[in-house]
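Q: Got a sequence here, can you model it:
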Amino acid sequence: MVKLRTLVMSLCLLIGSVGNISAQGFLDKVLKGLEKTNEVLDEADKLLGGDDNNSNSNQRSDRSSRVTGFKIVSPHPDLDIQFKRCAASASTVVIDLVMTWYGDDAQIRLGGKGSNKNITMAYDDQGKQYDCYSLGVSIAGGNFEYSMGATELFPMEVPMKVRIQIENVSESVQVFKRILIKAGHQNDPITLYNVPITRRTEVSQIVAPVESDGEPTGLSPLSENEDEAFTAFEEKFVADSAFQISRVIFNDLGVYASEEDGIDITKENYSLHRTTFADIAVDKRYETKQQLDDNQCIQTIWIDGSSFLLEYTYTKINGKWYLTKVFERY
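A: Numbering: from 1, shown residues only. Next up is the predicted model:
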């Protein structure tokens, strides 16, 4: 833009030296047009981020909005990756993926040590780092490989189960902000952003039933003769284990399921509910839905893009609410 102004001013001096009045009038029009053009260009600079005063704030805004939710980025254009779950048991977290290779049959190496940017590493929401010695990979049911990584033949268009195992994760960690998995000889790793961790104890807690945990503060006992409101019933249901067991119909109650199998729910392995649906619904990691009418309530809890799904059905029988169906898949 500065060069354009300099060119026009030089033209002014050249023609001005001739002393031609009509030429001077022409130049006046050119200069007025140039000023208008400069105004348009200045506005365009601002819109396109070229304004020096706003460039730093624009860059900060771009950085803060790069990745805000769950996302998978792969350097392999022929590798399709589906996320199934990220579940924790004590201090061990397991991430299940299904990878499908659409190129010719190939040996693919995942995990292990890397160089430059292509490394195996994870970062949790508390700033802790996990390297290839605490982050293992298993392909198609094989043993976990840590520092050296796992290699397996990926036949064309055959879904392959890949399991990542991360050790020594604090039970207070809720999200892995980033997981990097070394991907063969690529320049970049497979990257998982913002992976939510599901813990069974967050939704229900396995404890031995006791005679009673007592009445929670401020909750009136449910009358034997009244038509129960569901909210009052649920509050007592999660607060008093003896009451809860008395309000579960165990005959054909449901299953605890996984990718491989399912276990029928019995009175012996039943997981006591310790959290109301309303409390779970405010946790942003979960999607929730409740369908409630006069005689039935169906509560559904899931995580988008994963196999995690909980569904509970309550039925009112003779004015009292009972848990009659359970499906839990982790």
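Q: is it fair to say Ala87 lies in a strand?
A: Yes. Membership of Ala87 in a strand is supported by DSSP: H, G, I helix; E, B strand; the rest coil.
Q: so what's it bridging to?
A: On the basis of DSSP bridges, Ala87 is bridged to Val94, Thr198.
Q: Look at it and say how many residues are nearby.
A: Ala87 has 19 neighbouring residues, counting by other CB atoms under 10 Å. Placement of C-beta: from N, CA and C, glycine included.
Q: Would you enumerate the residues in contact with it?
A: For Ala87, the contacting residues are Val93, Val94, Ile197, Thr198, Arg199, Arg200, Phe308, Tyr330, by CB atoms under 8 Å, 6 or more residues apart in numbering.
Q: What is the nearest of the residues you listed to Gly184?
A: Gly184 has its nearest neighbour among the contacts of Ala87 in Val94, at 22.7 Å by CB to CB.
Q: surely Phe327 meets Phe308?
A: No. Using CB atoms under 8 Å, Phe327 is not in contact with Phe308, being 11.7 Å away.
Q: which of those two has more neighbours?
A: Neighbour totals were compared for Phe327 and Phe308, and Phe308 leads with 22 against 17 (other CB under 10 Å).
Q: now the helices for the chain?
A: In the chain, the segments counted as helices under DSSP state H are 2-16, 21-47, 52-64, 200-203, 230-239, 241-246, 277-281.
Q: ok, the residue nearest to Val175 when sequence neighbours are not counted - contacts?
A: Ranked by CB to CB, 6 or more residues apart in numbering and with sequence neighbours excluded, the top spatial neighbour of Val175 is Asp125, at 4.4 Å. Asp125 is in contact with Val173, Gln174, Val175, Phe176, Lys177, counting by CB under 8 Å, 6+ apart.
Q: what sits against the nearest residue to Ser172 once chain neighbours are set aside?
A: Nearest non-adjacent residue to Ser172, counting by CB to CB, 6+ apart: Gln126, 7.2 Å away. Contact analysis of Gln126 by CB under 8 Å, 6+ apart lists Ser170, Ser172, Val173.
Q: And the pLDDT for the last one?
A: Pointing back at Val173 there. Looking at Val173, its pLDDT is 92.
Q: ditto for the first one
A: Looking at Ser170, its pLDDT is 92.
Q: where do the strands sit along the stretch 51-200 of the chain?
A: Applying DSSP state E, counting those that start in this stretch to the stretch 51-200 of the chain gives strands spanning 71-73, 79-89, 92-101, 106-110, 121-124, 129-130, 135-139, 150-154, 160-166, 175-181, 190-196, 198-199.
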